[in-house]
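J.: Pasted the sequence and its predicted model underneath.
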Amino acid sequence: MAGQARAALAALDDRQAKLGEIRDAAAVVLLAEQDPAAARRELRVVLDGDVPVLSYLTQVEAHLHIARGAGHRHPRRHPQRGTGGAEPAGHDAGGGTQPK
């Protein structure tokens, strides 16, 4: 699948390839290929505003990609560790609260 996505991205013209949404998609492909450093480079131009974006959601997605796999400075947090897999009372796995 990542190969098909990479081929679709490679078929774009230069104008399209410079859009933030395309750089974001390229970062996802790089993450799927286990290359977080290259994904960070793609995302950095989106977050720095160096490429045009069609929607503010593209920058939100870029932040999420960094948080989920392209980041290297902050270790991932795993709520299951140290809790035996259970969430603290009043919290669900999605970070929200639920009735006790």
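T.: Looks like it came in fine. Numbers count the residues shown, from 1 in each chain.
J.: Next, name the residue at the spatial heart of the protein.
T.: residue 65 (1.3 Å; C-alpha atoms, centre = their mean).
J.: Which of the helices or strands spans that residue?
T.: Residue 65 belongs to helix 57-65 when assigned by DSSP states H and E.
J.: so where do the helices sit in this protein?
T.: Secondary structure of the chain, counting by DSSP state H: helices at 2-10, 14-17, 20-32, 36-47, 57-65.
J.: ok, now how distant is the residue nearest to the centre of the chain from residue 29?
T.: 11 Å (C-beta to C-beta, to the nearest Å). From N, CA and C alone the C-beta is placed, and that goes for glycine too.
J.: Just name the shakiest helix or strand of the protein by mean pLDDT.
T.: helix 2-10 (a mean of 92; mean pLDDT, DSSP states H and E).
J.: Could I get the buried residue list for it?
T.: residue 6 (16 or more other C-beta atoms under 10 Å).
J.: Give me the residues contacting it.
T.: 17, 22, 25-26, 28-29, 32-33 (C-beta atoms under 8 Å, 6 or more residues apart in numbering).
J.: Turn those into JSON lines, columns for pLDDT.
T.: Shown next, in JSON lines, are the contacts of helix 2-10 (pLDDT from 0 to 100):
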{"residue": "17", "pLDDT": "94"}
{"residue": "22", "pLDDT": "97"}
{"residue": "25", "pLDDT": "96"}
{"residue": "26", "pLDDT": "96"}
{"residue": "28", "pLDDT": "95"}
{"residue": "29", "pLDDT": "95"}
{"residue": "32", "pLDDT": "92"}
{"residue": "33", "pLDDT": "93"}
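J.: still on that earlier bit, tilt between the least confident helix or strand of the chain and helix 20-32?
T.: 150 degrees (axes from the mean of the first three to the mean of the last three C-alpha atoms, to 10 degrees).
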